[in-house]
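# from the sequence below, what's the structure:
(2 chains)
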Amino acid sequence: MLQELLNEHCLDPKNTKKLLALSREYDRLEQGAMAVSLYLKTADISDCKEIQYECMIGIARSYQRQGNRQWTVKTGYADAIALMPHRPEAHFFLAEFLQELHEWKTSLMHVNIALEWYENGGRHSDELNLPGYGGYKGLLYHQAVGIWQVSGTQTGKHAFFNLKHRYNMPAPYDKQTENMLNNVWYPDTIPYIAEDFERFKFLFNGLETITTNHSKHFQDLFVLSLYNGKRNGTYLEIGSGDPFVHNNTALLEGMFNWKGISVDNSEALCYNFKENRNNTIICTDATELDFSNLFNLHCVDPVIDYLQIDCDEASIQVLENLPFETHKFGVITFEHDTYRLGTDIRDRARTLLKKHGYKLIVNDVAFSPQHSYEDWYVHPDVIDVPKQFITNKNINFVWDYFMLDMKD
Amino acid sequence: MHDLRHHGLVHYALKRGGSIHPITLPKELTGETGIMNPSIFMHEGRILLNVRHVNYTLYHSEGKKFPHLWGPLQYIHPENDVSLTTHNIMCELDANMNILSSGRIKMNLDTGEPTWNFIGLEDGRLFSWEDRLFLCGVRRDAYDDQGTGRMEMCEIEFIDDEWQEVGRHPIPAPGDDATFCEKNWMPIIDMPWHFVKWCNPTEVIKYDIDTRTTTTVHLEEDNRVTELYRDLRGGTQVYPIGNGQRMCITHETDLYKDTFGRKDGHYNHRIIVWDKDWNIIRYTKDFHFMGTQIDHTTGYEYNIEFATGMMFLDGNVLIAYGYQDNGTFILKMPEKVFFDFVAQG
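Residues are numbered from 1 along each chain as shown, chains lettered A, B, ... in the order given. Predicted coordinates for the structure are as follows:
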C-alpha cells in the first residue's frame, strides 16, 4: 500500500490528493516524522482549506505521539483552528491534549466552542480522515472532565453520571467515564428529569407532569409509585433537612397535596422550612421527642402513609422511639449508612421492623453501584406491593432499580 | 528535457523503469522521529543499509504557508532535551529492498560524557576496505564544548546477532589539524584508506590507520570547474566505473533567511565523474530526488534531501537518500538509465 501510494505521488508530485493519501498512510503506519513532512507539503501545495485543516491536525497529532513537544503540538492545532475556526475537530484534539497538560480551563473553552458547532446543527464530515476524533460524545466526555477539574463540584459529578447512565457512550469513553465516576464518586443526588420518563419502571398517575423531583435518590417517586400517585396522603419526616434540596416530602406536598409533620434539629433549616413550605415543621432533637404525645397533639391518624428517618447515626435511636404499637406506616425509608457505619444499625432496624410486621422490599439502597445507605420497607396491611417492586439483589443501586436499560 | 526541478530524479527514473522504495522502521525503535541520511552497501553478500536516527523531527514549511512558531525550518526536539542525538540503525535488505532485519548498532566504545550536545556519529557512509566494514561520519561530541568535529571511522562487525562497534578511528584533518569541523568525506571504494575531502577543486587524502595521521595526496588548487558556483560537498561513496574513472553523488546547499530573518534552506544533488587523475570530466545538472517548491518571486527552491550512499546491484544503481531529515528512501535505477542521465550532463 505504502509503496503503491509513494509511486503514485512520485509520478504526479503536485497532485494534492495523492500526496494527502501518502501522508495519511505514513500517519497510519505511525511513521510520524515522515507524516509531518508530507502533511506540510500537502498543506503548502493545496489551496483547499479542508485539506490544509486535516494536514495541520495530522502534523500536531504526529508530534503529539512523539511526546514532549507541546509548543509544536499546540501551534499545529492553532494553525488548523485559524483555518476553520468554527469546525469542531481541531478544538477537540487540542482540548484533549490540553487535558493531558492539566490546562483545564483552556481545554474546557475549546470543548465548549466545538460543542456549540454541534448545537448549531453542524455535522462532522467523513471526508476528513481524522482517526481518534471523538465526535459529539467525545466532546461531552471532555466537557465533563473539564467541569470536574475546574471546579471539583457536584456539577462535574453530575456530568459524568449523565454520560454513564443517560447516554450510550462509545468506546473508549464508556470505560473512561466509568473510571472517572468511580474516582470522583457518584453525585450526592440523582435527580429525576423529564427525559427519564420513558425509562422509568414504576409509572404512576401524575408522573408525566413531573419535570424534576427533590429527593436525593428517588425516595419521593418511590412513595408515589407505591401509592400510584395518591393525592392527599400523610407523612412523618424525621430529619427533613432543607425544605426542598434533598427533601423527600416537598414533591408530595407541592404537587400531590400531602399533609404531614417534619422534624429537624437545625434552627436555620427549620426557619427556612417555615418560610417556604405550608406543612408543619418541628425544630427539635428527634431522639428526645415523645412521638405518642406529638401524634396526640396533632391528631395523627393511626395509619401514616410515609415515614422517613434520615438522622445519620441517630436514625436507629429515633426508630426505636416510635410508637409502632399504636401507629402503622405504609412506606418507610430508613437511613442506615452502611457504606460508612457498617451493618449494625441496619440489622437492628431490620429486626425491629420485622417484629412489627414490616416487609423489606428494597434492601441496601445505594447511591452508587457499591455504596448502600438505606432500606425501604412497606407494611402489608397498608399496601399491596406489586411484584415488580420487589428485588432480591444484595445491593440496589437506585438508578438501576428505577430505570430500564438504555436503548441503543 | 525532463523537469528535474519540479518533479525530481525519482520521477525521471520511474518513467524509465526505475522504482522507489520507502524504508520504515518500527516506532519502538525510532519513537517516530526522523530517520535520514541512509547509506547502502553490499558487504559479504549482504545488502546493508545504515540509517541515521535522530531525536528530532524536522518541521519545514517549504511553501511558507504554515511556518512553525519559530520559523519555516525548525528542528523539533523534545522540549527537555536540547541535544541533537544520533543513533545508527543497521538494516539488512533483500534484493527487493524489503527489510530483513533492523537494530541499533551497539556503540561499545562510547565512554564518558559527551563534551557537546551533538551526540553520536552523524551521516555515516558505509563501506569496506580490506574486508573490514566501516561506518565513517562526523563526531562532534568528543573534542571540546564548542562543537569541533572530526571524521571518524567506526569499524563494525556482526557479533551475537547484532551489529557492534569493534574499533573507533578518529581521523585528524590534514596539515596541522586546526580546522573547526570536518564532515562529508567520501570513502573511495577501490582505494583503501583514501577519501575525497572536497570535490572542486578535488582534494584526496589518505589516512594511515596505524600512525593515525592524514596526508593530502592530491590537490590542484587551480583545477576547478568554474561553472559550478556552489561548493560540491560530499555525498555518497566514490565508486570506480571503468577506464580509471570514478563517480559519486555530491550535494550543494543554499541557506536563506525568511522575511523575519529566520533560517531556511535548500539542498541540491549532482553526479560527478572524475578521470584517473581526479579531473572532473563530467557532471550532471543539479537535481532533487522528489521535487521541490519554488518561490515564484525569488526563484528560491526549498527542499532538504541528502544522499549518503549508493551501490550497484544486478544491473541497477541503488541510491539511498533522506528526505527532509524525516524519511528514508532507496531509488533503484537501471544502470543504463543512470549512465544515460550522467552522459546528458
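
# show me what contacts the nearest residue to residue A:11 once chain neighbours are set aside?
Of all residues beyond its chain neighbours, the one nearest residue A:11 is residue B:14 (5.6 Å), with distances taken as Cβ to Cβ, 6 or more residues apart in numbering or on different chains. (Glycine included, C-beta is placed from N, CA and C.) Applying Cβ atoms under 8 Å, 6 or more residues apart in numbering or on different chains to residue B:14 gives the contacts A:7, A:10-11, B:20.

# quick one: buried ones out of those?
Among the contacts of residue B:14, those classed as buried by 16 or more other Cβ atoms under 10 Å in any protein chain shown are A:7, A:10, B:20.

# and the strand or helix carrying the last one, what does it pack against?
With elements delineated by DSSP states H and E, residue B:20 resides in strand B:19-23, which encompasses its position. For strand B:19-23, the packing partners by 3 or more Cβ pairs under 8 Å, 6 or more residues apart in numbering or on different chains; DSSP states H and E come out as helix A:2-11, helix B:8-14, strand B:327-334.

# who's in contact with that strand?
When contacts are defined by Cβ under 8 Å, 6+ apart, strand B:19-23 is touched by residues A:2-3, A:6-7, A:10, B:10, B:13-14, B:35, B:38, B:49, B:51, B:91, B:96-97, B:99, B:327-332.

# could you rerun that using 7 Å?
A:2-3, A:6-7, A:10, B:10, B:14, B:38, B:49, B:51, B:97, B:99, B:328-332 (Cβ atoms under 7 Å, 6 or more residues apart in numbering or on different chains).

# could you see whether chain A lies near the helix or strand that it is followed by?
For strand B:19-23, the succeeding helix or strand toward the C-terminus, using DSSP H and E, is helix B:27-30. Yes: contact between helix B:27-30 and chain A is present through residue B:27 (criterion: Cβ under 7 Å from any Cβ of the partner chain).

# for helix B:27-30, what is the average pLDDT?
Over the span of helix B:27-30, the pLDDT mean works out to 97.

# the helix or strand following it - contacts with which helices or strands?
Toward the C-terminus, helix B:27-30 is succeeded by strand B:35-43 as the next helix or strand (DSSP H and E). Contact here means 3 or more Cβ pairs under 7 Å, 6 or more residues apart in numbering or on different chains; DSSP states H and E; on that basis strand B:35-43 packs against strand B:46-54, strand B:121-129, strand B:305-313, strand B:316-323, strand B:327-334.

# now the nearest residue to residue A:356 once chain neighbours are set aside: how far from residue A:56?
What sits nearest to residue A:356 in space, not counting adjacent residues and going by Cβ to Cβ, 6+ apart, is residue A:324, at 4.3 Å. When Cβ to Cβ, to the nearest Å is applied, the distance between residue A:324 and residue A:56 equals 73 Å.

# isn't residue B:319 right up against residue B:329?
No: between residue B:319 and residue B:329 there is no contact under Cβ atoms under 7 Å: 8.8 Å.

# of these two, who's got more company?
The neighbour count for residue B:319 versus residue B:329, taken as other Cβ atoms under 10 Å in any protein chain shown, is higher for residue B:319 (28 against 23).

# and that one, what are its bridge partners?
Beta-bridge pairing of residue B:319, defined through DSSP bridges, involves residue B:310, residue B:331.

# just for the stretch 1-150 of chain A, where's the confidence low?
Low-confidence segments of the stretch 1-150 of chain A (pLDDT under 70): A:124.

# which residue is nearest the middle of the chain?
You didn't say which chain, so I picked chain A. Nearest to the mean C-alpha position of chain A, counting by Cα atoms, centre = their mean, stands residue A:161 at 2.1 Å.

# try again with chain B
For chain B, residue B:308 is the residue whose C-alpha lies nearest the centre (Cα atoms, centre = their mean; 2.4 Å).
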